[in-house]
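1. structure for this input, please:
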Amino acid sequence: MTRSATGTTTGTIPISLVHAAKQYASLPEGTSLPSEMLAGIYEAKLFKLFVPKDLNGLMLPLPDALRVFAEASEIDGTFGWLVTIGSGGGFFSATLPPEEAQKQFAPANAVVAGSGLPNGVAHPVEGGYRVSGQWKYCSGSTFSSLYTANCRIDRGAEAEPEIRSFAFLPDQVRIIRDWNSFGLKGTDSHSMAVDDVFVPEERTFSIMSLPNYDDPIFRYPFLPFAQTSFAAVCLGICRHFLAEAELFVAAKRAEWEPAKPGRAEETKRAISRQEAKLEAEAAKFYETVDRTWNAFLAAGEMTEEDQAEVGTVCRQLSGSVLAYAHAIFPLLGMAVLMEDHPINRIWRDLHTVTQHAVLVPKPELV
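-> Just a heads-up that it's a prediction; the model follows:
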C-alpha cells in the first residue's frame, strides 16, 4: 500500500500525524494520547469526518471515511479506534438544535464520548431535566468536549416508557477510571457518571428525529453505520498484525535457520496466504459498502435487505480477521507471548475490537 506525500493513501491523515501515531505505539501500553498528537488530530479534523462543513467539519461520504478508519487502525489500533469513535459522535451534530450544534461541534477540539445504553434516569423539570446515571465503555472519556448518553424519562408510574438522548458538558461528568481491558488500553474507555445534573431541553435529542442537516449520512441507519465503522478498524488492525509478523520473521531468519532450515520461508508463505485472504475479504467488504451506499443515495433510504447484507459482511470480516491472526500467531514462537511485544499488543487490540456487540455473530450461528 503506497503512502502519499501528505500522509496515508486517502491523503486525510497527514504524514506528521502518521509519524506521531507510530511513535505513540512505542510508548508504554495504556498511555493516553499525548496532547501534541491530539492537536494533530484536531488540525486534520479527524474527529469531524461526519460533521457538516457549516460546523467546521469534513463531512466525508461513509465509504471514504471507512477507508480513513482502516488506515488509521493499520498505523495503531488505539489511534484508529479513537478516530473512529470520535468521528462517530459527529452523527449527533444533526440531532441537536442548530444553535446548540454550532456551539458544541464547531470548535476545533470538538469530540464526543458516550454510550448508547439507557443507564440513566431523567426527571423533567422546568426548562429541561435533572439527570443521574452511569455508563461504561466511553472511549475518549479523558479528552472529550461533550458527552452523550441515553436515559429513561421518569414521568411517573403510569407513563409510557420513553428513552431520550442527553448531551453533558465536561464539568457535569465524573470519569470513573475503570477501563482495564487486555487490549486497546490507551483508548481511555472508562465509565462516566452524572449526579443530579441539569440538562436544558436544547441539549437533549433523539437519533430517530429528522436531521437538521441534509448530508446523507444523517439518514443512514445507525446499526450499519456502527458495524461498517468497527469492521474497518478490524481490517486495519489485522493488516498491521500481518505486516508486523512478516517483519518479525525476516528479523528471526538468521536465528531460526540453523535449528530448523526453511522455517522462516514457510512462515513467510503462510503470512502471504493470510494476507491474500484478508485482501479478498476487504474487497468484498468495500464492494458491499460502496454498492449499498450508492443504492441508499439513489433511493434516499436503505432497504432492510441491504442493511442485513451489510451486517453479515461486517460480522464475517470480524470473524475472518481473528482466524487469519490465529493462523499466524502460533508460528511466531515464544517471543510474541510477551505482553510488551508489539505483535502481542496488536493481537490483543484485534481481539478487543472484534468483541464489540455489533460485530459478534448471532449465537444460533456459532
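2. okay but I343 is in contact with G333, surely?
-> No - counting by C-beta atoms under 8 Å, I343 does not reach G333; the two are 10.4 Å apart. The way it works is simple: take the backbone N, C-alpha and C, and place the C-beta from them, glycine included.
3. looking at these two, which is more packed in?
-> Shown here are I343 and G333; by other C-beta atoms under 10 Å, I343 has more neighbours (21 against 15).
4. secondary structure element holding that one?
-> Assigned by DSSP states H and E, I343 falls within helix 342-354.
5. between the two ends of stretch 54-69, how far is it?
-> 23 Å (C-alpha to C-alpha, to the nearest Å).
6. for it, the averaged confidence score.
-> For stretch 54-69, the mean per-residue pLDDT is 97.
7. can you pull the pLDDT of A157?
-> Listed pLDDT for A157 reads 81.
8. please shift the residue numbers so they start at 7 in all later answers.
-> Noted, 7 is the first residue going forward, which turns the last one into A163.
9. which of the three states applies to it?
-> At A163 the chain is in coil, as set by DSSP: H, G, I helix; E, B strand; the rest coil.
10. likewise G63?
-> G63 ends up coil, using three-state DSSP.
11. what's the spacing between it and P113?
-> 11 Å (C-beta to C-beta, to the nearest Å).
12. same check, this time on R297
-> Taken as C-beta to C-beta, the span from R297 to P113 is 36 Å.
13. equivalent analysis for Y135, please.
-> Distance from Y135 to P113, counting by C-beta to C-beta: 24 Å.
14. ok, and what's touching stretch 343-362?
-> Stretch 343-362 has contacts (C-beta atoms under 8 Å, 6 or more residues apart in numbering) with 31, 35, 83-84, 87, 187-190, 236, 239-240, 243-244, 246-247, 250-251, 254, 324-325, 327-328, 331, 335, 338, 341-342, 365-366.
15. out of the residues you listed, which end up buried?
-> With burial judged by 16 or more other C-beta atoms under 10 Å, the buried subset of the contacts of stretch 343-362 is 31, 35, 83-84, 87, 189-190, 236, 239-240, 243-244, 246-247, 250-251, 254, 324-325, 327-328, 331, 335, 338, 342, 365.
16. quick check: G86 touching L72?
-> No - contact criterion C-beta under 8 Å: G86 and L72 do not qualify, at 11.3 Å.
17. neighbour-wise, which of these two wins?
-> Higher neighbour count among G86 and L72: G86, with 29 against 25, using other C-beta under 10 Å.
18. so who does that one touch?
-> Contacts of G86 were listed using C-beta under 8 Å, 6+ apart, and they are 75-80, 239, 242-243.
19. so which strand or helix has it?
-> Under the assignment here (DSSP H and E), G86 is part of helix 83-94.
20. starting at the chain centroid, how far to stretch 123-142?
-> 26 Å (C-alpha atoms, centre = their mean, to the nearest Å).
21. end to end, how far does that stretch reach?
-> OK, stretch 123-142 end separation, C-alpha to C-alpha: 9 Å.
22. so which bits of it are buried?
-> For stretch 123-142, a neighbour-count test (16+ other C-beta under 10 Å) marks 124-126, 128, 134-137, 139-141 as buried.
23. run through who's touching it.
-> By C-beta under 8 Å, 6+ apart, the residues outside stretch 123-142 that reach it are 120-121, 155-161, 169-170, 172, 174, 182, 184, 197-207, 209-210.
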